[in-house]
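J.: how would this look folded up:
(2 chains)
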Amino acid sequence: TAPPPEKKRWLRAYLELQRLQAPPQRRSEKPNWDYHAEIQAFSHRVQENFSLELLKTAFVNPCYIESEEARRRQLGLDKDAVALQLQDNSGLAERGLRFARAYLAQCFEGAYPELPAKGVEALVNFLTSQELVSYVAQNLSIQDLTLCRDFPAPPDVLQRTFLAVIGALLESSGPERTGIFVRDFFIPQLIGKDLFEIWEVVNPMGLLLEELTKRKISAPEPRITRQLGVSTVLPVYFVGLYCDKKILAEGPGETLLAAEEEAARVALRKLYGYTENRRPWDYSKPKQGLAAEKAISSN
Amino acid sequence: RYVRQLQRLQLLFSPTAADARGARQFVEEAAQDFARQHPDVVLYVSPRSGPGPAPVLRAEYLNGTVREELIASKTSEEILQLATKLANQSGLDIIRIRKPFHTDNPSIQGQWHPLTNKPSILTIQGPRLQPQ
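T.: Prediction:
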């Protein structure tokens, strides 16, 4: 028998257009999807041992439960069948968030002891912000595994899910391994970032004066070190801050005020130890059993 | 830590076509070992019956790229090699790399700017002393 006739030439273009204009679908609705296998692969990919029920609850969002119950009620099922047996991930997400914040704050206090509390808080807020966490979650394929109402999943859903995954890991493997996990996935996001990009400081000169009074150094004296093109449209002034005739920091700027502010920022970076040429972060095996316990006891 | 960028491999082939013979042998012999050695990749084997398009190995990566490789008339070992090659790749587009080097620290002592080696205004240049 002859092979079945292929689609007509004049039909193929139309079918291709239909395929391209189809609305985007979740990966779970496309062919070839096995949820259990995907979750196992996820735990292997991240090289962590999860308990699978905790992990499955971590991916369930409240909006999904509501939408499922609404759909079942619409289809006219009984009250018992409407109530789903699934649990939320909000508890896990909260625990994960608390642990992550405490652990990161501890890491920064250990690594930059001079940094004040507001700076540490700014860094931790940046690392647990929606954009960063949802970016990390996207690249770990969490957006395929979450169960939520809208597609594509909005960033706060992704953030909640990732924090719930951290919470699930905390319950399954304990605080030490979770600490290593948080360190491995969050701290590399700081590479290439400057301190004052993350931490908004309105008055660096005032902050510098406070820091110097704490260390009992006299107030800095700003002097112009170099200047170029003073009478042109684009002048460059290098202002140096001197304490007791010794140089503290030097910074460039377009006007004298801008240069002084920049010099204050450079001085603050030097004092807090967050310069560009500091030692890179230490990712070796931690011997901080005590530190991890302090993290849970502070929760 | 290392996170394998390959998410899943889908092996789409026909159980009767002649060019899918290598794919069928791969599924019989080597697919289970491959799946065991790579526990973080989900391997889907979906035979599609009837005369259809050529057998294909579709790889999906964590950043969303989907790469399809034809496996028509390939032997089982070649398909295994191809699968390991896809498993070790990342999902970045395969385009020409402009430069074969990259550095995060382009300058160690600080980049030169026109004022680097010039003395500042504050240094006072006194009269030249005669050698004594």
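
J.: thinking A:Phe238 is in contact with A:Pro252, fair?
T.: Yes. Taking contacts as C-beta atoms under 8 Å, A:Phe238 lies within contact range of A:Pro252: 5.2 Å. All C-beta atoms are positioned from the backbone trio N, CA, C, and that covers glycine.

J.: between those two, what contacts are shared?
T.: Here A:Phe238 and A:Pro252 share the contacting residues A:Ala259, scored by C-beta atoms under 8 Å, 6 or more residues apart in numbering or on different chains.

J.: Comparing these two, which shows the higher neighbour count?
T.: More crowded of A:Phe238 and A:Pro252, by other C-beta atoms under 10 Å in any protein chain shown: A:Phe238, with 21 against 18.

J.: The chain: strands as residue ranges?
T.: Defaulting to chain A. All strands of chain A, identified by DSSP state E, fall at A:221-228, A:236-243, A:246-253.

J.: try chain B instead
T.: Under DSSP E, chain B gives strands at B:6-13, B:42-47, B:56-61, B:66-70.

J.: do you know which of those strands lies nearest chain A?
T.: strand B:42-47 (4.2 Å; C-beta to the nearest C-beta).

J.: What's the per-residue pLDDT of A:Gln99 here?
T.: Residue A:99: Phe, not Gln. Looking at A:Phe99, its pLDDT stands at 92.

J.: and the longest helix for chain A?
T.: The residue-count maximum for a helix in chain A (DSSP state H) belongs to helix A:90-111.

J.: Can you give the contact residues for that helix?
T.: A:54, A:57-58, A:62, A:115, A:120-121, A:123-124, A:127-128, A:160-171, A:175, A:178-179, A:182-183, A:186-187, A:281-282, A:291-292, A:294-296, A:298-299.

J.: can you rerun that using 7 Å?
T.: A:57-58, A:62, A:115, A:120, A:123-124, A:127-128, A:160, A:163-164, A:166-168, A:170, A:178-179, A:182-183, A:186, A:291, A:294-295, A:298-299 (C-beta atoms under 7 Å, 6 or more residues apart in numbering or on different chains).

J.: show me the contacts for the residue in the stretch 151-299 of chain A positioned nearest to chain B.
T.: Residue nearest to chain B within the stretch 151-299 of chain A: A:Thr225 (4.1 Å; C-beta to the nearest C-beta). Applying C-beta under 7 Å, 6+ apart to A:Thr225 gives the contacts A:238-240, A:250, B:120-122.

J.: how about a markdown table for these, with pLDDT and distance to A:Gly273 added?
T.: Output for these, formatted as a markdown table (pLDDT from 0 to 100; distance: C-beta to C-beta, whole Å):
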| residue | pLDDT | distance to A:Gly273 |
| --- | --- | --- |
| A:Phe238 | 89 | 23 |
| A:Val239 | 90 | 22 |
| A:Gly240 | 90 | 20 |
| A:Glu250 | 88 | 18 |
| B:Ser120 | 77 | 26 |
| B:Ile121 | 75 | 30 |
| B:Leu122 | 74 | 27 |
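
J.: Would you mind listing the buried residues in stretch A:237-248?
T.: Buried positions in stretch A:237-248, judged by neighbour count with 16 or more other C-beta atoms under 10 Å in any protein chain shown: A:237-243, A:248.
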